[in-house]
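>>> Generate a structure from the sequence data that follows.
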Amino acid sequence: MPVYLRKGGLDIPPPSLSSRDSDDEEFLTDPEQLYDPLPQPFRMIDKVLSQLLEDVWDIASEREEARMQEGSRVRPPLYECPVQMQEHGKAHCMAHSVDGRYIFVGLPTGLAAFDAVSQVTLAVWEEAVEVTSLNVSLVGVQMYLLSTVDDMGASRLLLFSNERFYFIKQLNEQEGTITVKCQLAPEGDYVGVALENKEKEVWLEVQRLPRDSWLRELEQAQAQALKAAYAASQDQSTTGEGAAEAPEGQGTDGEDGRRSGAGTPSSPGPRHTPSAGQGSTLPGPDVKFSPAQLVLRVRPPPDLTGCSAKSPYDAYKAIDSGDVIGTGSNHVLLAEHLNQRKTVFNIVHDQQVRHLPSEDEEVTRIPTFHFLLGGQMFPAGLDNVAQAGQVNSVCVHWSGSNNLQHYSLLKTGKDIEHKPELTWPNSCTITASAVSPDTSLVAVGLVGGFLTVWDKYLGLQRCVKNLNTQGSITHLSFLNPVVLPNKPADTAVCAAVLVGCSEGALFVVRCGQGEEDMEPTTVLDS
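Residues are numbered from 1 along each chain as shown. Next up is the predicted model:
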């Protein structure tokens, strides 16, 4: 079979420089770059120095990046103290009026009111107590309701009007009780007082305040005082004219008294009008204010104990119908079952349980409460036009509890210790809470750095965030949408919570409509 062979071999071009692999490190275009490898131990020293240089460069890059981030952060303005008020000594607490006109300061000897612009003392309420807590609500035109708590545990209500303090009543009237916490509603129509007796029992009382009646009674007393002062000034002017018409050489008894002594007329007596720096200490007209009405008493939830029913029928009969979420106090778990679960838990978590406080130590349970306006989830009072925009409920949670309970303030009847209308359960212990200015959102901080924001109108969780902190949440506060960076055009749907943790970290969590998926912003690291 014939075989055909091509004349001449295949011409294969030699490889060019461009066709060589760029990753070939052995290829050098410059012969001067070819060096012999370093001998030991110089090769090891070179490797150590190169690694050291890379580490130093990484550290310097991280510091430069942190410095750039710190420089781009918006810093709050720093203000110097132009006026230092030291007229009344040490101040224990301070609160401002809602309209920004006055500043109220708790003193070791009572209470003082200052003008917010000129820092001039306007009025002083003197009492042999140290005011340690102060709350202010605007109840009328330049009329303010104040609640105070002193170092002896006494809580009082005062009214500030026309640059004078008027004492209304003492809230802990029962003997042997002290005030743990006192808080006013935003409009001043309710006041909540947490009381403690000698047996270390703590409970919460909410009183409805006759705000409108107090304002009318104060106006009537002030009008009568003005009439009496005008009549006294008329009598004084009449007496002065009679003294001027008296015969020469004869004077009134007051003139004889002034001429006694050195024989020269003395200067007139001191005026009762205080100076601008001292403030008014004169008592106002005596006003008999109407009494307040006790509408609610809340006691801490009982500890979880076993069911005492003798039969399953009795146990299920004591349980609620199940229409709403309850507090969990009525159940069908026996005491033996609870004790067994506790024993197993202590065995499994023995290393952690030993650091817990002993059960013999009594921990006082303190309530935290917020007054809420009416909504779709709690429509009590919305059918009445006069109740629109007013407080109709209060939400309460106790220290060491997982439940946030809502109580109605509009119920009528003799039973003031009724069950909660709503219960919002949480997976962990509540450590802090806050309410938005319109009370539509309720923020709850939990152990472990978890934040839950509830929508009060829908009764659902708006957002749940894990802040990834080592401590628990200790402080919550809703921010004004105006101060938020990158705020949307419609600030009505914008909401944010400032979160403070136990290890010192600060976060801003956006929880407005459409902002639920935004990551928390770190303001201050721990």
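>>> The stretch 251-400 of the chain: helices as residue ranges?
For the stretch 251-400 of the chain, applying DSSP state H, counting those that start in this stretch gives helices covering 253-259, 312-318, 335-348, 350-353.
>>> what's the least confident stretch among these?
Note on these: helix 253-259 shows the lowest mean pLDDT, a mean of 38.
>>> quick one: Ile168 is in a strand?
Yes. Under DSSP: H, G, I helix; E, B strand; the rest coil, Ile168 sits within a strand.
>>> my guess is it meets Ser161, correct?
No. Under the criterion of Cβ atoms under 8 Å, Ile168 makes no contact with Ser161, lying 11.7 Å away. (Each C-beta comes from the backbone N, C-alpha and C, glycine too.)
>>> For the stretch 201-350 of the chain, give me the ranges with low pLDDT.
Within the stretch 201-350 of the chain, the stretches with pLDDT under 70 are 240-285, 315-331.
>>> again, 50 this time
Residue ranges of the stretch 201-350 of the chain with pLDDT under 50: 246-278, 282.
>>> ok, now the chain?
Within the chain, the segments meeting pLDDT under 50 span 246-278, 282.
>>> quick check: longest helix of it.
helix 211-244 (DSSP state H).
>>> List the buried residues in that helix.
Of all the residues in helix 211-244, those buried under the rule 16 or more other Cβ atoms under 10 Å are 211, 214-215, 217-218, 221-222.
>>> burial measure for Glu62, as a count.
10 (other Cβ atoms under 10 Å).
>>> Dihedrals phi and psi, it?
phi -60, psi -40 (degrees, to the nearest 10).
>>> Tell me how far it lies from Ile347.
45 Å (Cβ to Cβ, to the nearest Å).
>>> do the same with Met518
Applying Cβ to Cβ to Met518 and Ile347 gives a distance of 43 Å.
>>> of the two, who's got more company?
A side-by-side neighbour count of Met518 and Ile347, using other Cβ under 10 Å, places Met518 first with 16 against 9.
>>> residues touching that one, list them.
By Cβ atoms under 8 Å, 6 or more residues apart in numbering, the residues touching Met518 are Arg510.
>>> hmm, 10 Å instead?
Met518 makes contact with 463, 465, 486, 496, 508-512, according to Cβ atoms under 10 Å, 6 or more residues apart in numbering.
>>> Give the residues shared as contacts by Ile168 and Ser161.
145, 218.
>>> Okay, and Ser50 sits in which element?
Per DSSP states H and E, Ser50 falls inside helix 42-72.
>>> what about that helix, distance to the chain center?
On the basis of Cα atoms, centre = their mean, to the nearest Å, helix 42-72 sits 44 Å off its chain's mean C-alpha point.
>>> what's the answer for stretch 286-296, then?
The answer for stretch 286-296 is 27 Å, by Cα atoms, centre = their mean.
>>> Could you tell me the end-to-end distance of that stretch?
End-to-end distance of stretch 286-296: 30 Å, with Cα to Cα, to the nearest Å as the criterion.
>>> May I have the secondary structure class of Val509?
What three-state DSSP gives for Val509 is strand.
>>> Pretty sure Val453 is one of the things it touches, is it not?
Yes. Contact criterion Cβ atoms under 10 Å: Val509 and Val453 qualify, at 7.6 Å.
>>> joint contacts of the two?
Counting by Cβ under 10 Å, 6+ apart, the contacts common to Val509 and Val453 are 443, 463, 465, 476, 495, 497, 516.
>>> I figured the last one was touching Leu460, is that so?
No. At 11.2 Å, Glu516 does not count as touching Leu460 under the criterion of Cβ under 10 Å.
>>> Could you give the number of residues near Val464?
13.
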